[in-house]
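Asker: Here is the input, now give the coordinates:
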Amino acid sequence: MATNGKRHRFKDGAFRRFVSLALVTVLGVLLLIILLRTNSVSEYVPHDLTERHEDLRPSYNYSDYAAILNLPKHTELSIQLEKLNQLPPRNTDLYPNLAKDHITIVLYVHNRPKYLKVVVESLSKVEGISETLLIVSHDGYFEEMNKIVEGIKFCQVKQIFAPYSPHVFPDSFPGVSSDDCKDKDDATKKHCVGNPDQYGNHRSPEIVSLKHHWWWMMNTVWDGLKETKGQSGHILFIEEDHFIFPNAYRNLQMLTALKPLKCPDCYAANLAPSDVNSRGENWESLVAERMGNVGYSFNRTTWRKIHTKAREFCFFDDYNWDITMWATVYPSFGGPVYTLRGPRTSAVHFGKCGLHQGHGEKNACIDNGSVNIVVEDVNKVANINSKWKVHVYENQPGYKAGFKGWGGWGDDRDRQLCLKFADMYHSVGNVSTI
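Answerer: A predicted model of the protein is given here:
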């Protein structure tokens with residue numbers, strides 16, 4: 001009997017070990033399948049995003065919205081992103097009230113998480129950052145970028161995601177369609193779709209997304225978001241590779257207040273010189289110069305002027321938004337387009353790689369995972385004097401009217417989508433308000 005009991009116990013133990021081994025094996029297989037699926041599907045495709053926000057309900061019909069504007073047909077992901085764009089700012093429990101004279105900050109990002117960590121860390125040390133709203137505009141959806149932004153606790157934060165980013169449409173326009181022309185294909189011979197640029201090259205979604213995102217973001221921030229569409233004052237725009245000094249916000253407040261007095265013809269206020277390699281002159285005077293693309297801000301009056309030049313912006317054959325502005329939009333204003341800044345920079349461009357590079361471990365474009373930017377004591381407090389005069393730079397070098405563009409923007413589909421972004425919040429009334 002004792003022997004039989006031992007045999008039963010041995011059998012029971014063996015069975016339990018077998019069950020445990022089987023469960024571990026099944027779990028391992030499931031995990032492997034999940035990992036394989038994760039690696040085989042483009043990294044920007046998330047799980048059901050709206051599950052995180054069960055109380056979120058659409059305020060308008062997405063199919064009607066797209067049909068009215070004749071936009072590309074929505075995908076499941078683009079609909080989810082549209083819904084996320086309707087969420088109110090986070091951290092209102094920590095910062096329930098914005099300062100009356102606050103300047104909204106818009107940070108537009110692509111997919112360079114190491115860069116983003118640097119700019120977020122720099123923003124966390126900015127004097128006055130808790131008084132304002134930070135809007136982060138994403139070019140599509142990338143989970144690692146999203147997690148970094150969700151971890152911000154130093155001010156109110158609102159995220160918006162470009163729902164018509166080429167990164168959201170992997171199999172159709174504005175992404176890549178199976179019948180799209182590639183490189184220097186002859187559309188007639190290849191029976192493919194697309195218009196080449198002035199150099200004979202067909203569109204690249206990774207390249208055109210730069211200009212699409214910037215234009216969509218501008219139209220959305222100024223005319224689409226309920227948090228900002230009634231705002232008349234300045235809005236500051238920075239990118240994920242801009243290091244912001246602690247005194248940047250206070251300096252910008254002073255610049256925007258001084259601009260109508262010191263430089264009434266200036267269209268904007270900048271935190272940095274137009275020459276990205278310059279740290280400023282260290283003069284005891286303000287500076288009026290061509291508008292730069294690092295830490296630039298302008299008000300609704302300037303935006304309305306820019307918006308009237310949508311056709312110039314959308315039809316210029318250059319995939320860079322800033323070169324497009326310098327070479328065709330600003331020259332169409334009929335006179336010099338100056339920005340006002342201080343004699344010392346309050347923002348620094350630290351990116352080594354252009355476009356969407358710099359997001360891989362081996363291609364991070366940041367030395368040893370960090371940036372070597374010295375923040376001196378003078379960079380920690382406002383260093384602009386309201387009594388200073390203004391030094392005006394005239395005939396500066398750079399892109400001007402007559403430059404024909406670097407190309408990359410010759411496809412008529414991109415140009416038409418660009419124009420639709422300009423009409424997005426003007427042709428459908430409240431339907432498009434997010």
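
Asker: check which helix or strand covers the residue nearest the centre of the chain.
Answerer: When CA atoms, centre = their mean is applied to the chain, the residue found nearest the centroid is Tyr108 (2.3 Å). Per DSSP states H and E, Tyr108 falls inside strand 104-109.

Asker: For the closest residue to Pro174 other than its chain neighbours, give its distance to Met424.
Answerer: Distances taken as CB to CB, 6 or more residues apart in numbering put Pro166 closest to Pro174, at 4.5 Å, once the chain neighbours are dropped. The C-beta positions use only the backbone N, C-alpha and C, and glycine is treated the same way. The gap separating Pro166 from Met424 is 17 Å, by CB to CB, to the nearest Å.

Asker: Next: Val221.
Answerer: For Val221, the distance to Met424 (CB to CB) stands at 12 Å.

Asker: cool, Arg341 as well?
Answerer: Going from Arg341 to Met424 by CB to CB gives 32 Å.

Asker: Could you do Asp185 as well?
Answerer: For Asp185, the distance to Met424 equals 31 Å [CB to CB].

Asker: Comparing those two, which residue is more hemmed in?
Answerer: Under the criterion of other CB atoms under 10 Å, the comparison of Asp185 against Met424 puts Met424 first, with 21 against 18.

Asker: I'd guessed the more buried one sits against Gly224; true?
Answerer: Yes - using CB atoms under 8 Å, Met424 is in contact with Gly224, at 6.9 Å.

Asker: Enumerate every residue touching Ile135.
Answerer: Contact analysis of Ile135 by CB atoms under 8 Å, 6 or more residues apart in numbering lists Thr104, Ile105, Val106, Leu107, Val157, Lys158, Gln159, Ile160, Val221, Leu225, Glu227, Thr228.

Asker: can I get those residues in TSV with distance to Ser177, neighbour count and pLDDT?
Answerer: What follows is those, written out as TSV (distance: CB to CB, whole Å; neighbours: other CB atoms under 10 Å; pLDDT from 0 to 100):
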residue	distance to Ser177	neighbour count	pLDDT
Thr104	37	22	98
Ile105	37	25	98
Val106	31	24	98
Leu107	31	24	98
Val157	35	21	98
Lys158	33	22	98
Gln159	29	22	98
Ile160	26	25	98
Val221	30	23	97
Leu225	31	22	95
Glu227	35	18	96
Thr228	34	19	95
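
Asker: ok, those vs Val149, which is closest?
Answerer: Gln159 (5.8 Å; CB to CB).

Asker: Just the element for the closest one, please.
Answerer: strand 156-161.

Asker: how about the helices of the stretch 1-150 of the chain, start to end?
Answerer: Secondary structure of the stretch 1-150 of the chain (DSSP state H, counting those that start in this stretch): helices located at 2-40, 62-69, 76-84, 113-124, 143-150.

Asker: Packing partners of the fourth one?
Answerer: Contact here means 3 or more CB pairs under 8 Å, 6 or more residues apart in numbering; DSSP states H and E; on that basis helix 113-124 packs against strand 104-109, helix 143-150, strand 242-244.

Asker: Which elements pack onto the last one?
Answerer: Pointing back at strand 242-244 there. By 3+ CB pairs under 8 Å, 6+ apart, strand 242-244 packs against helix 113-124, strand 347-349.

Asker: And for the longest one?
Answerer: Packing contacts for helix 143-150, counted by 3+ CB pairs under 8 Å, 6+ apart, involve helix 113-124, strand 133-138, strand 156-161.

Asker: could the helices and strands packed on strand 242-244 be laid out in CSV, adding mean neighbour count and distance to Phe298?
Answerer: As requested, those are arranged in CSV below (neighbours: other CB atoms under 10 Å; distance: least, CB to CB, whole Å):
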stretch, mean neighbour count, distance to Phe298
helix 113-124, 20, 20
strand 347-349, 23, 15
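
Asker: Now mean pLDDT and distance to Trp406 too, for the ones you listed, in a markdown table please.
Answerer: Converted to a markdown table, the helices and strands packed on strand 242-244 look like this (pLDDT from 0 to 100; distance: least, CB to CB, whole Å):
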| stretch | mean pLDDT | distance to Trp406 |
| --- | --- | --- |
| helix 113-124 | 96 | 23 |
| strand 347-349 | 95 | 19 |
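
Asker: Could you export the ones you listed as JSON lines, including distance to Glu82?
Answerer: Output for the helices and strands packed on strand 242-244, formatted as JSON lines (distance: least, CB to CB, whole Å):
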{"stretch": "helix 113-124", "distance to Glu82": "23"}
{"stretch": "strand 347-349", "distance to Glu82": "31"}
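
Asker: among those, which is nearest Lys309?
Answerer: The nearest among the helices and strands packed on strand 242-244, by CB to CB, is strand 347-349 at 25.3 Å.

Asker: Which helix or strand lies directly C-terminal to that closest one?
Answerer: That would be, after strand 347-349 and using DSSP H and E, strand 390-392.

Asker: Nice, that's everything, thank you.
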